[in-house]
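One predicted model, sequence on top.
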Amino acid sequence: MKVRPINRCLLVITLSAVFIAGCRRAVDIAGSDPDYYYLNKNRNLENVGRVAFIEFENKTDFPDIHTTVADSLLAQIQNKHLFGVDYIAGDDVRWKNLSLQADQNFTLEQIVQIRKSLGTNAILSGAITMYQPYPHMKLGIRIKLIDLDENRLLWAVENVWDSSDKKTQARIADYFSRQHNPSYAPWYQKMTGENIHQRLVSVSPKQYAEFIAFEICRTLDKN
């Protein structure tokens, strides 16, 4: 689907409808069950330029989880070397003076204001929509990347990762076996009866956020 620059009336509609009408199904991302995302195939992300990563809105009761997720996602995006990223904290005066929410749908006038205030080519924003640390880890994320020069949506992801799901558990085990030295895993499981990968994510929000950030950024490989 070719995405054209959109006018003021269509901008909010387009962003609101993207997960209904514009999402692609990502099959076999790290051996995963399909995740839902949108990626503009008509725009090379290597040509985007500078991206302002706005601090996530935190819609949960856990005050630090949005920072934990943002740190992991920022590191994964930077590892892709697709575009430059500047992290903008919520209390940054340039963002604060705009009186906008990171998870809202922006009007054309607001996009113009964002571009002028931040001096950036695109904006990455969104929210932590839910977080449950027990009895098992569950984390929901919604993000979108908007080209401010052409007023078009480039990338969007919305999903909930539930560590009690068997397919998610299999992907977690695969992720840790690839990212970390697995030599101690059989010994740990023999001694404790637990799978060390599942144990790590059940007690560590940071480890779980790193796994999710890895999965999210794998969708960029489809560009």
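Done, it's in.

Skip the chain neighbours and tell me the closest residue to Ile212.
Trp161 (5.2 Å; Cβ to Cβ, 6 or more residues apart in numbering). From N, CA and C alone the C-beta is placed, and that goes for glycine too.

repeat for Glu210
Leaving aside its sequence neighbours, Glu210 is closest to Ser72 (4.7 Å, by Cβ to Cβ, 6+ apart).

and the one you found, that one's in a strand?
No: assessed with DSSP: H, G, I helix; E, B strand; the rest coil, Ser72 is helix; it does not lie in a strand.

residues contacting it?
Contact partners of Ser72, counting by Cβ atoms under 8 Å, 6 or more residues apart in numbering, are Lys206, Ala209, Glu210, Ile212, Ala213.

Sort out which one of those lies nearest His66 for me.
Using Cβ to Cβ, the shortest approach to His66 within the contacts of Ser72 belongs to Ala209, at 9.9 Å.

Which of the three states applies to that closest one?
Here Ala209 takes the helix state, with states given by three-state DSSP.

what's around it, how many residues?
Neighbour count of Ala209, defined by other Cβ atoms under 10 Å: 26.

Now do it, the pLDDT please.
Listed pLDDT for Ala209 reads 94.

quick one: the nearest residue to it once chain neighbours are set aside from Arg50, how far?
Leaving out its chain neighbours, the residue that sits closest to Ala209 by Cβ to Cβ, 6+ apart is Ser72, at 4.3 Å. In this structure, Ser72 and Arg50 are separated by 21 Å, where distance is defined by Cβ to Cβ, to the nearest Å.

And for Phe211?
Counting by Cβ to Cβ, the gap between Phe211 and Arg50 amounts to 28 Å.

between the two, who's got more neighbours?
Between Phe211 and Arg50, counted using other Cβ under 10 Å, the more crowded position is Phe211 (27 against 13).

correct me, but the more buried one touches Ile172?
Yes: between Phe211 and Ile172 there is a contact at 5.7 Å, judged by Cβ atoms under 8 Å.

Any stretches of this structure with poor pLDDT?
Within the chain, the stretches falling below the threshold (pLDDT under 70) are 1-35, 179-203, 223.

Helices of that one, start to end?
Along the chain, counting by DSSP state H, helices occupy 8-21, 65-80, 93-96, 108-118, 166-179, 185-192, 196-203, 205-218.

any idea how far the third one is from the chain center?
The offset between the C-alpha centroid of helix 93-96 and the centroid of the whole chain comes to 22 Å, using Cα atoms, centre = their mean, to the nearest Å.

any residues touching it, and which ones?
Outside of helix 93-96, the residues that reach it under the criterion Cβ under 8 Å, 6+ apart are Ile54, Glu55, Ile88, Ala89, Gly90, Ser117, Leu118.

same thing but at 10 Å, please
Contacts made with helix 93-96 from outside it, assessed by Cβ atoms under 10 Å, 6 or more residues apart in numbering, are listed as 52, 54-55, 88-90, 102, 114, 116-120, 123, 125.

Which positions in that helix come out as buried?
Residues of helix 93-96 classed as buried under the neighbour-count rule (16 or more other Cβ atoms under 10 Å) are Trp95.

and Leu45, what does it touch?
Neighbouring residues of Leu45 by Cβ under 10 Å, 6+ apart: Leu39, Val51, Lys80, Leu82, Phe83, Ala122, Leu145, Asp147, Leu154, Trp155, Leu220, Asn223.
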